[in-house]
Each structure stands twice: as C-alpha cells, then as structure tokens.
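# return atomic coordinates for the entry below.
(one chain, ligands or ions: 1)
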Amino acid sequence: MKKDVRSLTHDELISFFESNNHSSYRATQVYEWLWKKSCFSFDEMTNLSKNTRELLKDKFVINNIKIDKIQKSSDGTIKNAIKLFDDSLVESVLIPFENRTTACVSSQVGCSLDCEFCATSKLKRIRNLNADEIFDQVSIINNQSKTYFGRPISNIVFMGMGEPLLNYTNLISGIKKISSNDGLGISPTRITVSTSGIPKMIIKLADEPIKLNLALSLHSAIEDTRTKIMPFSTRFSLLEILDSLKYWYKKTQRIVTYEYIIWKGINDDFKHIESLIKFCKKSPSKVNIINYNDVGNKFFIPADSNSIDNYVQELMINNIPVTIRKSRGNDIDAACGQLANKITN
Ligand code: SAH
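Model (predicted):
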C-alpha cells in the first residue's frame, strides 16, 4: 500500500525530494497545497512539473474525506455526513449565528460511552478519527461556511460524535494543525473540547502548551443521578473530576463550562439545584443549560420551563454565570445528542 503523503512532516518531504534529485523548495510547495489549500489531488498542484506530479503519484496517495450528504435546517444549520477514507461516516454540523459561525465536529466514529440520552451512544465506538481526518473535517466545514455564509468559521466545538479525550493524541495533533499558520490559523481560544469527564485526561490537557476551552457534560452534581444517566461515570467520581477541574483552572486560568440538561423527574428539583450550586462554587465555572433534544427514549422528558427558571434564578442569586443554549437544527436531527448517522438511512 502506498503511504499517505500527509503523514510526512515538512522535513520528511524535503528529504524525499532531495533524495529524488529535486529542489527542497518542491517540499514547501507540496506542503502548502496539502495544508494551506486543502488540495486532495496531485494533478491539481499546478505549480509542479508533470514529472514531479508523476513521482508523487508513484510513491504516495492522498487520503481524504468527502462530504457524502448535506441536510439543511430551516434555521440555517447545515448537517454533513462525512465519509472517511475507509467509508466510515461521521457527522459535522455548521451552525450560523448573527456574528459568528460554529463548526460542531466529531472525534470518533461512534462513541464508547453509554450516555442514555445521546443518540450517538447507540452506534458504539468503531474507531478514532486520525489527526488528518480531524483537520480535514474542520477544513471542509470551513470551506462550506465560506460558500454558504460568505465567511470562515469562527469557532469550533468538539461536541459531535465521540469522546474527544478518549482520542487524545489525534485530537491534540489535529488541533495543532488547525490552529497553526501552516494550517487554518484558527486560534485555540476559539476551540472548545467537550468531555464527559475523564480526570486523568483533563489533567493532561491542562498541561498542554496549547490553551483551549473546556466544557464538561455534567448534567447532575449528584453522583447517584449522574451514574444512572451516564453509566460509565461510575469509573470517575465527581470528586475526582472536580480535582482535575481545579487543576485545570490553576494551570490555565480558564473557566470551565458545565453543560447541563434538565429532565422531568430526574434532576428538576431543588436538591439537584443546590448540589449544582455547591459544585460550581468549588472551582471557577459557568453553567450552560442545554435544551434536551428528543432521541426517542421515554425515560428522558424535557423539564418544564418552571424548573428551568428555578435553576437560572438560583444560579444567578449565587453569582454563577448561566446561559441557555438554544437548540439548533432539530428538524434535521443535527442538534446536540442527535448525531446518529440517520442521514444515511
Ligand atoms: N462526549 C463529549 C462530546 C459529545 S456530546 C461529551 O460528552 O461532552 C456534546 C454535548 O451534547 C454534551 O454536553 C452532551 O451531554 C450533549 N447531549 C447529548 N445528548 C443530548 C441530547 N439528546 N440533547 C441535548 N444535548 C445532548
């Protein structure tokens, strides 16, 4: 099998050209085609001679990903089914707001976690995306944003399929490429990684030189409730998660966002509100209340607006910043927790 040219570093490309009696400048040109211009075909590298292109074709392939299907929501949100080079599918969503455009991207094909309220958990984990696939996905969505909205994406959230911190190495190298000037030049301060809470990995992320934003899918600050709705979380106690978040803040000085869905009869009472407030006071944080998007599980019913108001009021009284995330793209199953490759059925 031929090697993917994109697995080579710039230096390795230089050595390749030099050992084939070409100027090292060719490596710079190829590198730019691959990483600045997201070019997926040697034939399109028009500033190379035919011979050079043939040499490359002879030795390498360019693995790439493609948009397989697009669905548009009445609110402007665009959901993409993206086909990876081995035909696996992931979903990525482009969400336009008044003055920004957010790309919601996937880190794994399927997911190994078992959050019962999330459609992706039904797919199980098939494999990790590699770093190039993570980069390409953002690059494709960035181009789509330019085409549809006349501007590049402004923010990236790893809130699509998968648990980003269980694909750590690829996630970080993908993000490095996304934020580097060789790549898309998107500042890491505009990138958010959302995790279900894996303390060891949160600590690792805090130690990275690259400074990202962190969101934790909390949904309950009461251990019993949390393990019921997110069964895998028995492996990571809230206390352990909290310790890792304290470390995160100490190292990065960045406030963590707690993502929080409120369901009827599960976490819509004052006991849960009080626990959340207590939890929030232990480490600098803000709360993002997420509207629940139905995934067809009868156990999960969205809380009524009174309970949501109670949460908001109590958090505000306690000076904890709180926002409510409006749902986008529900009509095409593109909203949070609805990504389950239905588009391909
Ligand atoms: N595994 C990561 C990222 C994917 S989930 C994580 O758990 O954070 C991205 C966000 O969507 C999480 O906050 C998750 O809790 C939320 N979510 C999952 N299912 C949802 C649903 N049905 N409705 C609304 N939000 C949901």
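# what about residue 194, neighbour count?
Counted with other C-beta atoms under 10 Å, the neighbours of residue 194 add up to 22. Bear in mind the C-beta positions are built from the backbone N, C-alpha and C, glycine included.
# now it. Its backbone dihedrals?
Main-chain dihedrals, residue 194, degrees, to the nearest 10: phi -110, psi 130.
# can you tell me the SS state at residue 37?
Secondary structure state of residue 37, per DSSP: H, G, I helix; E, B strand; the rest coil, is coil.
# tell me how far it lies from the ligand.
Residue 37 sits 30 Å away from the ligand, going by C-beta to the nearest ligand atom, to the nearest Å.
# around that residue, count how many other residues there are.
Residue 37: 11 neighbours (other C-beta under 10 Å).
# so who does it touch?
With C-beta atoms under 8 Å, 6 or more residues apart in numbering as the criterion, no residue contacts residue 37.
# and the pLDDT for it?
Here the pLDDT value assigned to residue 37 is 84.
# just the one 5 residues further on next, same as before
Reading off the per-residue confidence, residue 42 sits at a pLDDT of 96.
# again, but for the one 5 residues further on
According to the per-residue confidence, residue 47 scores 95 in pLDDT.
# how close does the residue lying closest to it once chain neighbours are set aside sit to residue 48?
Excluding its sequence neighbours, the residue lying closest to residue 47 (C-beta to C-beta, 6 or more residues apart in numbering) is residue 29, at 5.7 Å. Distance, residue 29 to residue 48, by C-beta to C-beta, to the nearest Å: 6 Å.
# also residue 290?
Distance from residue 290 to residue 48, by C-beta to C-beta: 48 Å.
# next one: residue 284
For residue 284 relative to residue 48 (C-beta to C-beta), the value is 51 Å.
# repeat for residue 24
14 Å.
# okay, those two: which has more neighbours?
Legend: neighbour count by other C-beta under 10 Å for residue 24 and residue 48, higher for residue 48 (19 against 14).
# that one contacts residue 27, correct?
No. With contact defined as C-beta atoms under 8 Å, residue 48 does not count as touching residue 27 (10.9 Å).
# after the helix or strand bottoming out on mean pLDDT in the chain, next one along is what?
Ranked by mean pLDDT, DSSP states H and E, the weakest helix or strand in the chain is strand 3-4, scoring a mean of 86. Next in sequence after strand 3-4, counting helices and strands by DSSP states H and E, comes helix 10-19.
# show me what that following helix is packed up against.
If contacts are counted by 3 or more C-beta pairs under 8 Å, 6 or more residues apart in numbering; DSSP states H and E, helix 10-19 sits against helix 25-35.
# pull out the buried positions in the helix it packs on.
26-27, 29-31, 33-35 (16 or more other C-beta atoms under 10 Å).
# likewise stretch 64-79?
For stretch 64-79, by 16+ other C-beta under 10 Å, it's 64-65, 67-68, 71, 73, 75, 77-79.
# so residue 81 sits in a helix?
No. Residue 81: not assigned to a helix; according to three-state DSSP it is strand.
# pretty sure it contacts residue 89?
Yes. Counting by C-beta under 8 Å, residue 81 touches residue 89, with 5.3 Å between them.
# relative to the ligand, which of the buried residues of helix 25-35 is nearest.
residue 35 (26.3 Å; C-beta to the nearest ligand atom).
# all helices of the stretch 101-250 of the chain, in order?
With DSSP state H, counting those that start in this stretch as the criterion, the stretch 101-250 of the chain has helices at 131-149, 168-179, 199-206, 223-229, 238-252.
# who's in contact with the third one?
Contact with helix 199-206 is made by 165-166, 168, 193, 195, 212, 214, 236, 240-241, 243-245, 247-248, 250-252, as judged by C-beta under 8 Å, 6+ apart.
# relative to helix 168-179, how tilted is it?
30 degrees (axes from the mean of the first three to the mean of the last three C-alpha atoms, to 10 degrees).
# just the C-alphas of helix 199-206, formatted as CSV.
The C-alpha trace of helix 199-206 is given here as CSV (Å, rounded to 0.1, in the frame of the first residue of the first chain):
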residue,chain,number,x,y,z
PRO,A,199,-10.0,13.2,35.1
LYS,A,200,-6.6,11.9,34.0
MET,A,201,-7.1,13.3,30.5
ILE,A,202,-8.4,16.7,31.8
ILE,A,203,-5.1,17.0,33.8
LYS,A,204,-3.1,16.1,30.7
LEU,A,205,-5.0,18.7,28.7
ALA,A,206,-4.3,21.3,31.3
